[in-house]
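S.K.: give me the fold of what follows.
(chains A and B)
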Amino acid sequence: MQFMLLFSRQGKLRLQKWYVPLSDKEKKKITRELVQTVLARKPKMCSFLEWRDLKVVYKRYASLYFCCAIEHQDNELITLEIIHRYVELLDKYFGSVCELDIIFNFEKAYFILDEFLLGGEPQETSKKTVLKAIEQADLLQEDAECPRSILEEIGLT
Amino acid sequence: MPAVSKGDGMRGLAVFISDIRNCKSKEAEIKRINKELANIRSKFKGDKALDGYSKKKYVCKLLFIFLLGHDIDFGHMEAVNLLSSNKYTEKQIGYLFISVLVNSNSELIRLINNAIKNDLSSRNPTFMCLALHCIANVGSREMAEAFASEIPRILVAGDTMDSVKQSAALCLLRLYKTSPDLVLMGEWTSRVVHLLNDQHMGVVTAAISLITCLSQKNPDEFKTCVSLAVSRLSRIVSSASTDLQDYTYYFVPAPWLSCKLLRLLQCYPPPEDGAVKGRLVECLETILNKAQEPPKSKKVQHSNAKNAILFEAISLIIHYDSEPNLLVRACNQLGQFLQHRETNLRYLALESMCTLASSEFSHEAVKTHIETVINALKTERDVSVRQRAADLLYAMCDRSNAKQIVAEMLSYLETADYSIREEMVLKVAILAEKYAVDYSWYVDTILNLIRIAGDYVSEEVWYRVIQIVINRDDVQGYAAKTVFEALQAPACHENMVKVGGYILGEFGNLIAGDPRSSPLVQFNLLHSKFHLCSVPTRALLLSAYIKFINLFPETKATIQEVLRCDSQIRNSDVELQQRAVEYLKLSSIASTDVLATVLEEMPPFPERESSILAKLKKKKGPGAVSVPDLEDGKREGGELNGGGERGPDSAAMSASNASTPSPSADLLGMRSAAPMSAAPTSAGSLLVDVFSEAGPAAPSAAVNDDGFLSSAPPSEDPATLLSEADELLNKFVCKNNGVLFENQLLQIGIKSEYRQNLGRMYLFYGNKTSVQFASFTTTVSCPGELQSHILSILRATKPVEPVVEGGAQIQQVLNIECLTDFSEAPLLNIKFRYGGALQNLSLKLPVTINKFFQPTEMTSHDFFQRWKQLSQPQQEAQKIFKANHSMDTEVLKAKLLGLGTALLDDVDPNPENYVCAGVIQTKGQQVGCLLRLEPNGQAQMYRLTLRCSKDSVSLRLCELLAQQF
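M.R.: Below you'll find the predicted structure:
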């Protein structure tokens, strides 16, 4: 897989993961182009399209589009299920995930993705194992939590 | 803790994100962000040391701002500080920041690499994983340099935790992809292969991506993975759906791993080991069988996962292309999918069938689905699916269904999406040409293409129809008639005018007998379109007009009048003006004979790969175009058509084709110097594109009208001459030493050297028998004119001994002087008695004009200058001929050097071509010679062009050399 993008129906990018080295400019261009292409497609259309020399696999979940660019020899259907498994992971972790969860906890979305996919390839496909790794990390930080100032508590810093 | 923030609650971050979301405008957002950036900057710069938590929070805010699309130019150092925190979440945010905002600051990289190194050696698996994730996410060369040797060790170490192994495998994969040179194969590689046997499915899943990538690059080193992969696959395929616990996905056991295993096997040929192969075939059959079983779940995830494996299995079956049974089953399975209600499956089935169509085992099976595919082309609502259907029709096309498929594609074109029209046009044009049984169908098809989708008909397409019409005289009349009719439409596409102008200019005479298409009617029809056309088309039409004057003298007055009017002769466009002026002059000054020669019909185009195909390949990328080529492909097409591109300078070289516009980018810049430059110069860049690739290729009709195959120079020698005499001669054009002749009795060896216009030849006569040769005499004679050219020069220094003992060898020396250039070879006659019988044989002595070459080195600039100076038509000789010998570069170079000329590098813009220069030294004069040899590996043809300051030398060298390659 070359990259994965999550964007909203309004075209707002919510998550971007690049597995090939590209300049920021290129990334922005690709994002713009692809978001436009995918948003223009009608609901019943197929989930795959040829785009430049890549294959794009996308699926919409509620207000969010999940979109992966894969290489020619890669398998479209299994990529579709990579997307689905990622959605399941987010869903399980946040408990009925919605776009807001991903906005406010974007760093978690990245951490979960890193446990599931690394370098664009599946690292661990077991839902249990991935979530266990993430939850362990959460436990680690809760132990480490320390008291905070009153300003911090009300979010003013 | 707020509901939106789970786990690590950074309330400040949540508030900031809310603020941003509440911004009503872009300006407000930027304002809020700038305020936050100022705040963070002051915190970072402040005197008070920030605690880890605050640092983490601010770094996270910066990251958020960056991901919103704003630039971030600080905070890297704070992020790097977080890396060395002992708190997991701080470290984690630090790594995330670094991964997303890679910075090339070398000091930072050193610090980052240090932190990573510490974490890798920490023995804390969660820290190690974080560090590995970071390397995998960044994947830069610097990181490869620092860690490429360390990671394989972690990967195969016995005590590494499974989760770390998984990260290490994919981390290594990423480094291998970015810097393959830094990842050295070694002892670890064999241990990596054995990870396929690992108990932990997660480890296998991660490792197989690495193994697949490495196998592609080093197949031999990894070939043991085949049997391991087969047994792993077999275990998964035959497992019950619950055996693999959490690795079962919607009742499908380990779909990701299965797909990867099948993909890995596609890096290799079918297993040689019978048992392994049997097991694999069993797996593939099981997968195909499962596709027929009722689904275990109605969820789309179930069918997707199952079908993902099925498609991967079909890819493997196609890759092997050796199991007819499996191929046909695969085809039937895809056939079912073609009518599936899931669009995704229809799409994939069409795509996969495209590759099946190119297998001889399944081509016929694919063809049975033609109606379904045509239906898909007509009714699919999604353009990407229709595109796949069009691709498949193209792939399944052969002689039996070409007419149907082309007709369907043509009718689809009328409503096709703009995005795919050009490609469709190319495909129709290729199929129509390739499977044309009668060329009237081909002409009809292309004209229909222009009518339906004129805007999408690229130059290659209309060039090609012209090439084919010119090369096939059986279709010329039909083409003229059809194009004449097409032009009568009130609105016709400019491309139609181009084709019409060209074809009527060449072949209008074939329909001129009919009063409805009399010359004047034809001309008026063409000219009625003139004012609506662009400059290049007008230029082409002007050329057609001058051709008309030649074809139909009765149109001369009318056409001259048109040429003479101000809008032509004073046209503001230089090209049009020049043509009008020159054509007008040509038509008034030249006699009919001259006119007929200058404006003669175009000679046939040499056979080449279709430029359309080349264009399609370029469009789709190499490999993406599988030309349906099963039973009756290229050869036949090529043979029938004999079409091809013409070289750009042919127009200028050949005085006969005034209507071929020559490109302005003429390779050798001869255009301006060519004798006919006036008339034929160019329709601007009209034909440039298609021709530029081809390079010069056409025979100059005036010089050499036998076209493709040059015949050997005629032998004028009496019957005594050995039949292979010319072959002997040809053998020594590019070399000076060797065995000249040999039979059961006698062997004649030759050694020769040349300097300036002088040469010395040593002849060695060896008696191969044990009996002596008596009355041994040799005479050298120069037939005919040769007398005055080199006769005087050929003197044996002394007569040979009259007796040659058995097994002995005698030597004779000949001195040679070249008085003037010559084209015949001197004859050597040998007489002797062998056992009483008189032996008498004559051979040509390999003294050829090129022996007196002095190599001349020159620069590109000088070369072209001289080339232009030698622009008289008689000074040039050219031949196009089939390669008779290896086209290997080194062989060619050796031959050209053996010729005696200097082989010039970096002169010809096309590196495939060879350019040589030399001076032939005769007693009376020096003859400068330039040579250009253009190989076409694909067609196995050459074009050889010579320009010499003396006509006869050009001709002779051309004859001689055409036999050499």
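
S.K.: shaky segments in the stretch 551-700 of chain B?
M.R.: For the stretch 551-700 of chain B, the stretches flagged by pLDDT under 70 are B:607-610, B:619-700.

S.K.: cool, chain A as well?
M.R.: A:141-157.

S.K.: all the strands of chain A, residue numbers only.
M.R.: Under the criterion DSSP state E, chain A contains strands at A:3-8, A:13-18, A:48-51, A:54-61, A:64-70, A:117-118, A:121-122.

S.K.: who touches the fourth one?
M.R.: Spelled out, it's strand A:54-61. A:2, A:9, A:34, A:37-38, A:43, A:47-50, A:65-72, A:74, A:76, A:79-80, A:83-84, A:87 (Cβ atoms under 8 Å, 6 or more residues apart in numbering or on different chains). Using the backbone N, CA and C atoms, a C-beta is placed for each residue, glycine as well.

S.K.: and stretch B:753-762, how far out from the chain middle?
M.R.: A distance of 46 Å separates the centroid of the chain from that of stretch B:753-762, by Cα atoms, centre = their mean, to the nearest Å.

S.K.: buried sites along that stretch?
M.R.: B:754, B:757, B:759, B:761 (16 or more other Cβ atoms under 10 Å in any protein chain shown).

S.K.: what is the nearest of the residues you listed to chain A?
M.R.: residue B:754 (56.6 Å; Cβ to the nearest Cβ).

S.K.: quick check: that closest one is in a helix.
M.R.: No: counting by DSSP: H, G, I helix; E, B strand; the rest coil, residue B:754 is not found in a helix; it is strand.

S.K.: tell me the pLDDT of the closest residue to it other than its chain neighbours.
M.R.: If the residues on either side of it in the chain are set aside, residue B:754 comes closest to residue B:851, at 4.7 Å by Cβ to Cβ, 6 or more residues apart in numbering or on different chains. For residue B:851, the pLDDT comes out at 86.

S.K.: quick one: residues contacting residue B:851.
M.R.: Contacts of residue B:851 (Cβ under 8 Å, 6+ apart): B:736, B:752, B:754, B:759, B:818, B:900.

S.K.: run a quick neighbour tally on residue B:808.
M.R.: Using other Cβ atoms under 10 Å in any protein chain shown, residue B:808 has 13 neighbouring residues.

S.K.: contacting residues around the closest residue to residue B:823 other than its chain neighbours?
M.R.: Nearest non-adjacent residue to residue B:823, counting by Cβ to Cβ, 6+ apart: residue B:956, 4.2 Å away. By Cβ under 8 Å, 6+ apart, the contact set of residue B:956 is B:821-823, B:849.

S.K.: closest to residue B:160 out of those residues?
M.R.: Among the contacts of residue B:956, residue B:849 lies closest to residue B:160 (Cβ to Cβ), at 77.1 Å.

S.K.: mind putting the contacts of residue B:956 in JSON lines, neighbour count and secondary structure included?
M.R.: Below are the contacts of residue B:956 laid out as JSON lines (neighbours: other Cβ atoms under 10 Å in any protein chain shown; DSSP: H, G, I helix; E, B strand; the rest coil):
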{"residue": "B:821", "neighbour count": "21", "secondary structure": "coil"}
{"residue": "B:822", "neighbour count": "24", "secondary structure": "coil"}
{"residue": "B:823", "neighbour count": "17", "secondary structure": "coil"}
{"residue": "B:849", "neighbour count": "26", "secondary structure": "helix"}
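
S.K.: of those residues, the lowest pLDDT goes to which?
M.R.: Lowest pLDDT among those: residue B:823, 78.

S.K.: my guess is that one meets residue B:952, correct?
M.R.: Yes: the pair residue B:823 and residue B:952 passes the contact test of Cβ atoms under 8 Å, sitting 6.7 Å apart.

S.K.: what values do phi and psi take at the closest residue to residue B:515 other than its chain neighbours?
M.R.: Nearest non-adjacent residue to residue B:515, counting by Cβ to Cβ, 6+ apart: residue B:521, 7.9 Å away. The phi/psi pair for residue B:521 (degrees, to the nearest 10) reads phi -60, psi -40.

S.K.: for stretch B:50-69, C-alpha coordinates in CSV please.
M.R.: The C-alpha trace of stretch B:50-69 is given here as CSV (Å, rounded to 0.1, in the frame of the first residue of the first chain):
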residue,chain,number,x,y,z
LEU,B,50,8.4,22.4,31.0
ASP,B,51,7.4,19.1,32.4
GLY,B,52,7.0,16.1,30.1
TYR,B,53,3.3,16.3,30.1
SER,B,54,3.2,19.9,28.9
LYS,B,55,5.8,19.2,26.3
LYS,B,56,3.8,16.3,25.1
LYS,B,57,0.6,18.4,24.9
TYR,B,58,2.2,21.2,23.0
VAL,B,59,4.0,18.9,20.6
CYS,B,60,0.6,17.3,20.0
LYS,B,61,-1.0,20.6,19.3
LEU,B,62,1.7,21.4,16.8
LEU,B,63,1.1,18.1,15.1
PHE,B,64,-2.6,18.8,14.9
ILE,B,65,-1.9,22.2,13.4
PHE,B,66,0.4,20.6,10.8
LEU,B,67,-2.1,18.0,9.9
LEU,B,68,-4.6,20.7,9.3
GLY,B,69,-2.4,21.8,6.5
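
S.K.: list the buried residues in that stretch.
M.R.: Of all the residues in stretch B:50-69, those buried under the rule 16+ other Cβ under 10 Å are B:52-67.

S.K.: pick out the most distant pair among the residues you listed.
M.R.: Spanning the widest gap among the buried residues of stretch B:50-69 are B:52 and B:67, at 22.1 Å by Cβ to Cβ.

S.K.: tell me the average confidence for the helix or strand harbouring residue B:842?
M.R.: Assigned by DSSP states H and E, residue B:842 belongs to strand B:837-844. Per-residue pLDDT values over strand B:837-844 give a mean of 83.

S.K.: mind listing what's buried along it?
M.R.: Quick answer for strand B:837-844 (16+ other Cβ under 10 Å): B:839, B:841-844.

S.K.: now tell me what touches stretch B:260-269 from outside.
M.R.: A:73, A:75, B:205, B:208-209, B:211-212, B:215-216, B:219, B:223, B:225-226, B:229-230, B:232-233, B:236, B:280, B:309, B:312-313, B:315-316, B:319-320.

S.K.: quick one, which of these are buried?
M.R.: So, by 16+ other Cβ under 10 Å, the buried ones in these are A:75, B:205, B:208-209, B:211-212, B:215, B:223, B:225-226, B:229-230, B:232-233, B:236, B:280, B:309, B:312-313, B:315-316, B:319-320.

S.K.: inside helices: which ones of those?
M.R.: Taking DSSP state H as the definition of helices, these contribute B:205, B:208-209, B:211-212, B:215, B:225-226, B:229-230, B:232-233, B:236, B:280, B:309, B:312-313, B:315-316, B:319-320.

S.K.: who's in contact with the helix or strand hosting residue B:276?
M.R.: Per DSSP H and E: residue B:276 is located in helix B:274-292. Helix B:274-292 has contacts (Cβ under 8 Å, 6+ apart) with B:226-227, B:230-231, B:233-234, B:237-238, B:265, B:270-271, B:306-307, B:309-310, B:313, B:316-317, B:323, B:326, B:329-330, B:333.

S.K.: again, but for stretch B:197-213
M.R.: Under Cβ under 8 Å, 6+ apart, the answer for stretch B:197-213 is A:118-119, A:121-126, A:129, B:162-163, B:165-167, B:169-170, B:172-173, B:176-177, B:192-193, B:195-196, B:222, B:225, B:228-229, B:232, B:244, B:247, B:254, B:256-257, B:260-261, B:263-264, B:267.
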